[in-house]
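Participant: Here is a sequence with its predicted model. Questions after.
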Amino acid sequence: MDVTFRDFGPGDAGWLVQQHGDLYARAEGFDETFGALVADILRDFEAHRDPAMERAWIAWQGGARLGSIFCVRVDADTAKLRLFLLVPQVRGLGLGQRMLEECMGWARRRDYRRMVLWTHESHQAACALYRKAGWRLTRSVPVRSFGVDLVEQAWEVDL
């Protein structure tokens, strides 16, 4: 698969908000509050990003965006994986694993000692990918979020 990664740039925020909102509304029935959360995360990233310690990758093929993954600083030892997304037509082709490895490797090279993430139990393919990459499930809690009943999960991995 001939895919290139580039840093977060012009037009990416709108695309990410739309993709997250549309994909999760269709797949899981999420309401508009999910897209609003993604917009808030992106505004915070743009306003406070430390380029030496935080990074985003947007996957491209030709002129089309295929996905994203972000690494943001929690503290001196901990990075957080955020906004990991693949468009449905490229899921299952190894791109997600490649993106996860790129993000984790980058975090290691920045001397982060661990990474954390927040997700939902219903994201089974992503959770299987995390497990395969050595992540551990640390918390699982039933919640009502984005207009639906979900099981929130926290995961972490030592780098």
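Facilitator: Structure's in. What do you need?

Participant: Leaving out the residues flanking it, which one is nearest to the most centrally placed residue in the chain?
Facilitator: For the chain, F84 is the residue whose C-alpha lies nearest the centre (CA atoms, centre = their mean; 2.1 Å). In this structure, F84 finds its nearest non-sequential neighbour in I69, 4.7 Å apart by CB to CB, 6 or more residues apart in numbering. Yep, even glycine has a C-beta here, placed from its N, CA and C like the rest.

Participant: Report the contact partners of the one you found.
Facilitator: Residues in contact with I69 (CB atoms under 8 Å, 6 or more residues apart in numbering) are A56, W57, L81, R82, L83, F84, L85, M99, L100, E102, C103.

Participant: Wasn't it part of a strand?
Facilitator: Yes - counting by DSSP: H, G, I helix; E, B strand; the rest coil, one finds I69 located in a strand.

Participant: got a pLDDT number for it?
Facilitator: Model confidence at I69, given as pLDDT, is 98.

Participant: same question, the one 10 residues further on
Facilitator: According to the predicted model, the pLDDT of A79 comes to 98.

Participant: Next: M1.
Facilitator: pLDDT, M1: 69.

Participant: From R49, how far off is the residue located most distally from the centre of the chain?
Facilitator: Within the chain, the residue lying farthest from the chain centre (CA atoms, centre = their mean) is G62, at 21.8 Å. Computed as CB to CB, to the nearest Å, the G62 to R49 distance reads 27 Å.

Participant: And for F8?
Facilitator: F8 sits 8 Å away from R49, going by CB to CB.

Participant: Looking at these two, which is more packed in?
Facilitator: Set side by side, F8 and R49 show more neighbours around F8, with 20 against 16, by other CB atoms under 10 Å.

Participant: Look up which residues are beta-bridged to the nearest residue to that one once chain neighbours are set aside.
Facilitator: Setting aside the residues directly before and after it, F8 is nearest to A56 in space (CB to CB, 6+ apart), at 3.7 Å. Taking DSSP bridges as the rule, A56 bridges to F70.

Participant: ok, now which ones touch A56?
Facilitator: For A56, the contact set (CB under 8 Å, 6+ apart) comprises D7, F8, D12, F45, S68, I69, F70, C71, L83.

Participant: This completes my enquiry, with thanks.
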